[in-house]
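1. Give me coordinates for this.
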Amino acid sequence: MAKQSAGLLLYRGSGPTLEVFLVHPGGPFWRKKDAGAWTIPKGEINPGEEPLTAAIREFGEETGKPVTGDFQPLPPCRQAGGKIVQAWAIEGDIDPAKLVSNHFELEWPPRSGKQQSFPEIDRGAWYSLSDARRKINQAQAMWLDALPALIAP
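-> The predicted structure follows:
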């Protein structure tokens, strides 16, 4: 069975001022990657955990900010590696300069025997939909297409 993750697409504004919040993965593998590397705050669903609960938990772990509100389901996407990601859109605001991410341990450099700690996300930013399309993991771009209709009055 494919791994499953859940996440939140935070947005603000509407129409031509609509922006989405994306995060850049931390760690040495992503350090020099930009276009196609950004994602929504997301993570694996724990056994027995409801996907929306996992999405809310992961958002808090990766940004340091709790989120509440009217969560609107987005269509699930399948990423290149086979992982299925369930997502919800939620209106809100966050200051990218105040992000506080959890960390993970990794042997780095490889085969060095040394464990290093890296932030799960190293930065976040607000993007217009057109700019977000260039930044986001291409499998997740479908959410940018679905968002305007989902939040239309």
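
2. going forward, measure contacts between C-alpha atoms and count neighbours the same way
-> Noted.

3. where in this protein is pLDDT low?
-> 1 (pLDDT under 70).

4. residue boundaries of the helices in it?
-> 51-63, 129-135, 141-151 (DSSP state H).

5. Ok, which of those helices comes nearest Ile90?
-> The closest of the helices of the chain to Ile90 is helix 141-151. By C-alpha to C-alpha, the value is 9.3 Å.

6. As PDB, could you dump the C-alpha coordinates of that closest one?
-> Extracted in PDB, the C-alpha atoms of helix 141-151 (Å, rounded to 0.1, in the frame of the first residue of the first chain):
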ATOM      1  CA  ALA A 141       0.000  21.900  -8.600                       C
ATOM      2  CA  MET A 142      -3.500  20.500  -9.100                       C
ATOM      3  CA  TRP A 143      -4.400  22.100  -5.800                       C
ATOM      4  CA  LEU A 144      -3.500  25.500  -7.100                       C
ATOM      5  CA  ASP A 145      -5.900  24.900 -10.000                       C
ATOM      6  CA  ALA A 146      -8.700  23.700  -7.700                       C
ATOM      7  CA  LEU A 147      -8.400  26.500  -5.100                       C
ATOM      8  CA  PRO A 148     -10.000  29.500  -6.800                       C
ATOM      9  CA  ALA A 149     -13.300  27.600  -7.500                       C
ATOM     10  CA  LEU A 150     -13.300  26.000  -4.000                       C
ATOM     11  CA  ILE A 151     -13.200  29.400  -2.300                       C
END
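
7. on that earlier part again, point out the most buried one among the helices of the chain.
-> Mean neighbour count (mean count of other C-alpha atoms under 10 Å) peaks for helix 51-63 among those, with a mean of 21.

8. Pull up the distance across stretch 7-24, start to finish.
-> Its first and final residues considered, stretch 7-24 spans 14 Å by C-alpha to C-alpha, to the nearest Å.
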